[in-house]
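Q: The amino acid sequence is not available; the structure is as follows:
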């Protein structure tokens with residue numbers, strides 16, 4: 001597929017500086033772009049690559065445009081423009097609309113128009129699939145599930161019974177939605193399972209990465225708000241609530257009944273204890289350990305950045321000695337207080 005720079009500029013509200021009729025057929029990074037490629041520069045630290053860049057055209061901001069001699073589309077936010085244009089060059093094959101002959105679809109299932117159900121998929125009783133829903137091969141959708149229009153479930157996704165999913169959502173292979181939450185009552189050392197009678201409610205425009213899991217509510221719903229983006233290998237416990245447009249990097253774990261606000265950004269391997277309240281707009285850097293509620297938006301950290309092993313060992317040794325040092329300081333303070341009273 002080839003596109004003129006003028007068409008691309010119109011799509012991203014940009015201005016062409018160069019030949020508006022010039023055509024590109026792909027998107028590539030700066031260091032591998034060809035004359036037939038469109039590329040982008042969103043960070044000034046990569047300006048040094050412009051002198052060797054062979055791209056046919058570049059998405060670039062006004063303050064950096066003069067540093068590239070070729071065709072340019074000048075935009076306010078090159079990275080956002082790249083995101084919009086990338087959809088036009090998507091190489092993913094279009095699905096074959098219809099029900100594969102090996103799929104198992106219960107007679108009571110309600111199907112919208114142009115629904116796709118792949119090979120060996122299973123759709124259980126009472127489920128509703130909206131218009132243009134796409135169910136990948138080997139995916140299982142349990143009973144009484146509701147899936148909104150234009151939502152895509154890639155192969156090998158599992159949606160448990162009673163889950164509600166909005167429109168334009170994406171679920172990548174291996175993710176599990178609506179499995180039982182981790183709920184047990186201890187009786188003299190024996191764990192008794194608490195039946196998880198709630199469900200999961202996922203709103204519109206949510207994306208869930210490969211092998212991520214969202215547990216159903218113990219009582220009531222686990223809720224994921226509009227526009228939430230969840231990376232691979234993320235775990236959301238039962239009755240967790242996530243506000244609109246919050247994003248999770250890989251390997252985040254959120255314990256049961258914690259509520260995270262809107263427009264938060266959660267770095268990789270961050271862990272949340274249960275029953276917390278997190279304010280809107282919080283940013284947690286990677287490996288943060290969140291054990292208390294956060295009532296004020298801001299950036300929070302608790303992970304230890306990497307350093308040379310020799311320095312790290314010295315740091316650990318100093319930390320181990322802090323208690324002894326504190327006791328010595330207290331002892332000296334008492335001595336000084338006694339001397340001053342004399």
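A: Everything's here; your move. Predicted model, so just to flag it, every value in this text is computed and none were measured. Numbers count the residues shown, from 1 in each chain.
Q: Report the central residue of this protein.
A: Most central in the chain under CA atoms, centre = their mean is residue 230, positioned 2.6 Å from the mean C-alpha point.
Q: so that residue sits right up against residue 248, yeah?
A: Yes - the criterion here is CB atoms under 8 Å, and residue 230 meets it with residue 248 at 4.8 Å. Heads up, the C-betas are built off the backbone N, CA and C, glycines and all.
Q: Tally up the residues packed near residue 220, please.
A: Residue 220 has 15 neighbours, counted by other CB atoms under 10 Å.
Q: Just the pLDDT for it.
A: Looking at residue 220, its pLDDT is 95.
Q: check contacts around it.
A: Listed by CB atoms under 8 Å, 6 or more residues apart in numbering, the contact set of residue 220 reads 198, 239.
Q: any idea how far it is from residue 143?
A: Distance, residue 220 to residue 143, using CB to CB, to the nearest Å: 19 Å.
Q: Could you give the secondary structure assignment for the residue lying closest to residue 225 once chain neighbours are set aside?
A: In this structure, residue 225 finds its nearest non-sequential neighbour in residue 244, 4.0 Å apart by CB to CB, 6 or more residues apart in numbering. Put simply, residue 244 is coil when judged by DSSP: H, G, I helix; E, B strand; the rest coil.
Q: ranges for the helices of the stretch 1-150 of the chain?
A: 5-12, 78-86 (DSSP state H, counting those that start in this stretch).
Q: List the buried residues for the shortest one?
A: Of the residues in helix 5-12, those with enough neighbours to count as buried (16 or more other CB atoms under 10 Å) are 5, 8, 9, 12.
Q: so where is the stretch 151-300 of the chain shaky, pLDDT-wise?
A: In the prediction, the stretch 151-300 of the chain carries no residues with pLDDT under 70.
Q: Show me where it has its helices.
A: Counting by DSSP H, counting those that start in this stretch, the stretch 151-300 of the chain contains no helices.
Q: was I right about residue 64 contacting residue 42?
A: No - Residue 64 is not in contact with residue 42 according to CB under 8 Å; the separation is 9.6 Å.
Q: More neighbours: the two, which one.
A: residue 64 (19 against 16).
Q: so what's that one up against?
A: Contacts for residue 64 (CB under 8 Å, 6+ apart) come out as 41, 44, 47.
Q: give me phi/psi at the first one?
A: So the one you mean is residue 41. Here is the backbone geometry of residue 41 (degrees, to the nearest 10): phi -130, psi 110.
Q: Neighbours of the nearest residue to it once chain neighbours are set aside, how many?
A: Once flanking residues are discounted, residue 41 sits nearest to residue 60: 5.0 Å by CB to CB, 6+ apart. Look at residue 60: counted by other CB under 10 Å, it has 25 neighbours.
Q: What does the pLDDT read for residue 60?
A: 95.
Q: Can you name the residues in contact with stretch 297-307?
A: By CB under 8 Å, 6+ apart, the residues outside stretch 297-307 that reach it are 261, 269, 279-290, 294, 315.
Q: Out of those, which is nearest to residue 96?
A: Residue 96 lies nearest to residue 269 out of those, by CB to CB, at 39.2 Å.
Q: Now do the contacts for that closest one.
A: 250, 251, 252, 286, 287, 303.
Q: if I look at the last one, how far off is residue 334?
A: Right, the one you point to is residue 303. For residue 303, the distance to residue 334 - CB to CB - is 37 Å.
Q: And those two? Which one has more around it.
A: Using other CB under 10 Å, the more surrounded residue of residue 303 and residue 334 is residue 303, with 15 against 10.
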